[in-house]
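Q: Build me a model:
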Amino acid sequence: MGALSRRVWVFLGTATLLVVVLLYLNSRRPVARVAVAEVTRGSLNSSITSNGKVEPVTPYVLRAKFDGFVVAVPAVEGQTVRPRQLLLSLDDSDVQAQLDQTRAQLASEEDDLHAAEAGGRADQAARVAGDLHTAEAQRDQLQKQQDVLSKLVQQKAATPEELEKNQATLERANADVDHLSKVKQEFAHQVQLDRERLALLVARSSAEVKSLEEKVESARVVAPVSGTLFSLPVHVRDFVHTGDLLAEVADLRQVRVRAFIDEPELGRLRPNQTVEVTWDAIPERTWVGRTETVPQQVVARGARNVGEILCAISNEGMSLIPNTSVDISIQLVERTNVLVVPRGAVLTEGPRHYVFLVDGERLHRKEIKIGASNETQFEVMSGLQEGDAVALPGDLPLRDNQVVRVVTPE
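A: Numbers count the residues shown, from 1 in each chain. Okay, the predicted model is just below:
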């Protein structure tokens, strides 16, 4: 029994010791393991990346002004052209025939208008005036005879029958004069109406002649300015309709990129921000420019809601081609030689920002003032110095004056 008793007491003693050790270990707080980052001085850049489309700044779009066949295309798409250089020609035979017919019609209408402005056709005007003059002369002669016969009847030198007969003839003469006076008035009124009608016809025909002359002239499609012929979608024997695109010319030494920026990024855009453009077709090249306008509205573009911002791009060598899709990077912030700290080390309480400064094995909460930022860093305006170490958040919450164990970030 003595040996068994000793084994029991040894077992109880060992168990008690283990319990004491476990209680002691559980009573100790775990030391937080934190990774640290050093406050450094360097550059801080922030940008927006998206896609866009190249456009000419001042494109000259040439369209067909009449229906017809393309008969010649001496120019080649992509070539440099000078003002008035022939690009292509259209068959204008039908338009030329219409022009000749309309010119003849206009000449006839102008003759009629000149006659109307002069008081009507000379022969018609002379006939109307002559008939009235003759009738008035006959009436005046009969009136004189009537006066004479009246005196003779009183003197018994003429009979009342002769007087009555002359009176009847005089009345018919007065009726003829009244009728011919109305004819002359109607003729003058008709001349006035003809003058107004013919003036409208002449104006309409003149406008039609001018339009047809422009169409005939447009059959020779020429470059309006010096530049690059960047679009020439037609070929010989193609039939084009009025309004169809024939060619586009522009000075491509300066182009514009219409960039499509997602809605959440629009508030960060400003005019005159630096823009870098890349194109998959020439991956080794980068074109530089500036933002020009800030989007005023958001539009749907596929599954995206975007604002469109215009960017002026220098296109030396004219290798950027209109209507191509490009990638863009808009530089929002460019800082050099500034204190920077990782974004993850900065905590926020309302309008205030702070970090946990590592001093030996303890943390000290330190309020700081931040400036510009990008996706990974903040600019430190005050509160820290170059070389300071700040704690990065981990699994355990950080507290002021907390004892920690510094580990190297993985």
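Q: Buried residues, stretch 375-384. List them.
A: The neighbour-count check on stretch 375-384 (16 or more other Cβ atoms under 10 Å) flags 377-380, 383-384 as buried. Every residue, glycine included, has its C-beta placed from N, CA and C.
Q: what's the average pLDDT for stretch 250-264?
A: For stretch 250-264, mean pLDDT is 92.
Q: Could you list the alpha-carbon positions for it in CSV?
A: Only the C-alpha atoms of stretch 250-264 are listed here, as CSV (Å, rounded to 0.1, in the frame of the first residue of the first chain):
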residue,chain,number,x,y,z
ALA,A,250,-7.9,66.9,-91.7
ASP,A,251,-4.6,68.2,-90.3
LEU,A,252,-3.5,65.2,-88.2
ARG,A,253,-0.5,66.9,-86.6
GLN,A,254,-2.8,67.7,-83.7
VAL,A,255,-5.6,65.2,-82.8
ARG,A,256,-8.2,64.8,-80.1
VAL,A,257,-9.0,61.7,-78.0
ARG,A,258,-12.5,61.3,-76.7
ALA,A,259,-11.9,59.4,-73.5
PHE,A,260,-14.7,57.4,-71.7
ILE,A,261,-14.3,57.8,-67.9
ASP,A,262,-16.4,55.7,-65.5
GLU,A,263,-18.9,57.8,-63.4
PRO,A,264,-17.2,57.3,-60.0
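Q: Tell me how far it lies from the chain's centre.
A: 12 Å (Cα atoms, centre = their mean, to the nearest Å).
Q: Can you list the buried residues in that stretch?
A: Across stretch 250-264, burial judged by 16+ other Cβ under 10 Å covers 250-252, 254-257, 259-261.
Q: same thing with stretch 65-72?
A: Of the residues in stretch 65-72, those buried under the neighbour-count criterion (16+ other Cβ under 10 Å) are 65-66, 68, 70.
Q: Pull it out as PDB, backbone CA atoms only.
A: Extracted C-alpha coordinates of stretch 65-72, given in PDB (Å, rounded to 0.1, in the frame of the first residue of the first chain):
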ATOM      1  CA  LYS A  65     -24.400  66.400-103.600                       C
ATOM      2  CA  PHE A  66     -26.200  64.400-106.200                       C
ATOM      3  CA  ASP A  67     -26.800  60.700-107.200                       C
ATOM      4  CA  GLY A  68     -24.200  59.400-109.700                       C
ATOM      5  CA  PHE A  69     -21.400  57.000-110.500                       C
ATOM      6  CA  VAL A  70     -17.800  57.500-109.400                       C
ATOM      7  CA  VAL A  71     -15.700  57.800-112.600                       C
ATOM      8  CA  ALA A  72     -12.200  58.400-111.300                       C
END
